[in-house]
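Asks: sequence first, predicted model second:
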Amino acid sequence: AVTFNRYMTYDEIEAYVVKLPQQHPTKVKVEMAGKSVEGRTIHLITVTDDVANKDILRKPSIFIDGGMHAREWVSPSTALGIVDNLLKTPDMTRNIEWRIIPVVNPDGYVMSWDKDRLWRKNKAKGRSIRCSGVDLNRNFGYEWGGTGSSSSQCSVVYRGPNAFSEPETQAVRDAVLREADRTKAYITFHSYGQMILHPWGYTSKATPANNMELKRVGNAMATAIQKQQRKRYDVGSAAEVLYAAAGGSDDWAAGVAKIPLSYTIELRDTGSGGFLLPTSQITPTITDAWVAMNTLAKEVMKVA
Ligand code: 0X9
Ligand code: ZN
């Protein structure tokens, strides 16, 4: 069973995910988006009313991923919390198809449980164990190789030998591209900092064509969280609000897949718990994200 009063192990998450279609046969489909470096399955969950008919109905779609960075444990929990909430809220699945990869980086997640709590990257083989892993959020193919990414294997922001060198980023790329034409929003959950970040992340010297819309919808999500949760999330381009870093999934979703609304949401908190966010904060963090997804869904329905 799913639980949000503690962090779930990878095995618990996987067991929950693969049972979902049996429990909700009309609403949930689970597919393999790919396999990680160490051979774990990267699951893609589709949630919508009448999931069997989704190809005929061609609903607008929202794509969400979590667990790209291993140590950011609240991210996979939040992605699964969104699934759990969607299954209890028919209004949210009637006109939108949600596609969710809860754990992009299963090998890293397991590593952060078993060996190194602060592991960030995937488990790509390197010169040594200490220098293994690629930062998946520097490996996407838009402005790959630029500022804020490293060519050194030992760096925590190692970009990999080339764009999409890793099976985990390939899985996200292929899943997004498969339905890109009707995907209106791409959301990637990270932690921590309480920020709603939009492209560009690679530079602060340029802005996307729909910069105003990105800011407007970002602000709408943050305002809703502030009102309902009394928590502040800062809104702005990743390069301006945080730092410039090239090869992120948000920039690729906007720049290459042409998904109009692309955001990195840095979840709770602002630093006291940080990556070691207390378990008591999991449920309220899921609610922050759920409030944001409700706001996003309304915006998507406006344009669809
Ligand atoms: O640096 C990152 O990958 C993200 N922050 S984190 O602390 N979770 O590692 C921010 C990514 C923002 N987007 C881009 N720079 N494209
Ligand atoms: Zn992250």
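Replies: The structure has been received and is ready for your questions. Nothing here was measured: the structure is a model prediction, and the numbers come from that model. Ligands and ions are numbered 1, 2, ... in the order given.

Asks: distance between the ends of stretch 249-266?
Replies: 14 Å (CA to CA, to the nearest Å).

Asks: list the buried residues of it.
Replies: 249-257, 259-266 (16 or more other CB atoms under 10 Å). Any C-beta I mention is one placed from the backbone N, CA and C, and that applies to glycine too.

Asks: where does pLDDT dip in this protein?
Replies: Along the chain, the parts satisfying pLDDT under 70 run over 54-55.

Asks: ranges for the strands of it?
Replies: 28-35, 41-47, 61-65, 97-101, 183-191, 195-198, 234-237, 261-267 (DSSP state E).

Asks: any idea which of those strands gets closest to ligand 2?
Replies: Ligand 2 sits nearest to strand 183-191 of all the strands of the chain, at 3.3 Å, using CB to the ion.

Asks: render the CA-only coordinates of the closest one in CSV, please.
Replies: Extracted in CSV, the C-alpha atoms of strand 183-191 (Å, rounded to 0.1, in the frame of the first residue of the first chain):
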residue,chain,number,x,y,z
THR,A,183,1.3,17.7,-24.2
LYS,A,184,0.6,21.2,-22.9
ALA,A,185,2.8,21.1,-19.7
TYR,A,186,6.0,19.4,-18.5
ILE,A,187,6.7,19.4,-14.8
THR,A,188,9.8,18.0,-13.1
PHE,A,189,9.8,17.8,-9.3
HIS,A,190,13.1,18.5,-7.6
SER,A,191,14.1,19.7,-4.1
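
Asks: other SSEs contacting that strand?
Replies: Helices and strands touching strand 183-191, by 3 or more CB pairs under 8 Å, 6 or more residues apart in numbering; DSSP states H and E, are strand 61-65, helix 74-87, helix 249-255, strand 261-267, helix 282-303.

Asks: run a quick neighbour tally on K215.
Replies: For K215, the neighbour count with other CB atoms under 10 Å is 16.

Asks: and G274, by the same measure?
Replies: By other CB under 10 Å, 15 other residues sit near G274.

Asks: thought it was touching Y192?
Replies: Yes - the pair G274 / Y192 is scored as a contact, 5.4 Å apart, by CB atoms under 8 Å.

Asks: which bits of this protein sit near ligand 1?
Replies: 69, 72, 137, 190, 197, 201, 238, 242, 245, 248, 250-251, 264, 266 (CB under 6 Å from any ligand atom).

Asks: near ligand 2, which residues of this protein are found?
Replies: Applying CB under 5 Å from the ion, we find that the chain lies next to ligand 2 at 69, 72, 190.

Asks: switch those residues over to CSV; also include neighbour count.
Replies: Below are the residues of the chain next to ligand 2 laid out as CSV (neighbours: other CB atoms under 10 Å):
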residue, neighbour count
H69, 26
E72, 26
H190, 24
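
Asks: ok, now how distant is the residue nearest to T41 when sequence neighbours are not counted from ligand 1?
Replies: In space, and not counting its chain neighbours, T41 is closest to M32: 5.2 Å by CB to CB, 6 or more residues apart in numbering. According to CB to the nearest ligand atom, to the nearest Å, M32 stands 25 Å off from ligand 1.

Asks: wait, M32 touches I42, no?
Replies: Yes - at 6.9 Å, M32 and I42 qualify as touching, with contact defined as CB under 8 Å.

Asks: can you show me the helices along the stretch 101-250 of the chain?
Replies: With DSSP state H, counting those that start in this stretch as the criterion, the stretch 101-250 of the chain has helices at 106-114, 167-178, 211-229, 238-241, 249-255.

Asks: T183 and Y233, how far apart?
Replies: According to CB to CB, to the nearest Å, T183 stands 23 Å off from Y233.

Asks: and if you look at I13?
Replies: From I13 to Y233 the distance is 25 Å (CB to CB).

Asks: neighbour count winner among these two?
Replies: Using other CB under 10 Å as the criterion, I13 and Y233 rank with Y233 on top: 25 against 22.

Asks: and that one, what is it in contact with?
Replies: 194-196, 221-222, 225-226, 265, 288, 292 (CB atoms under 8 Å, 6 or more residues apart in numbering).
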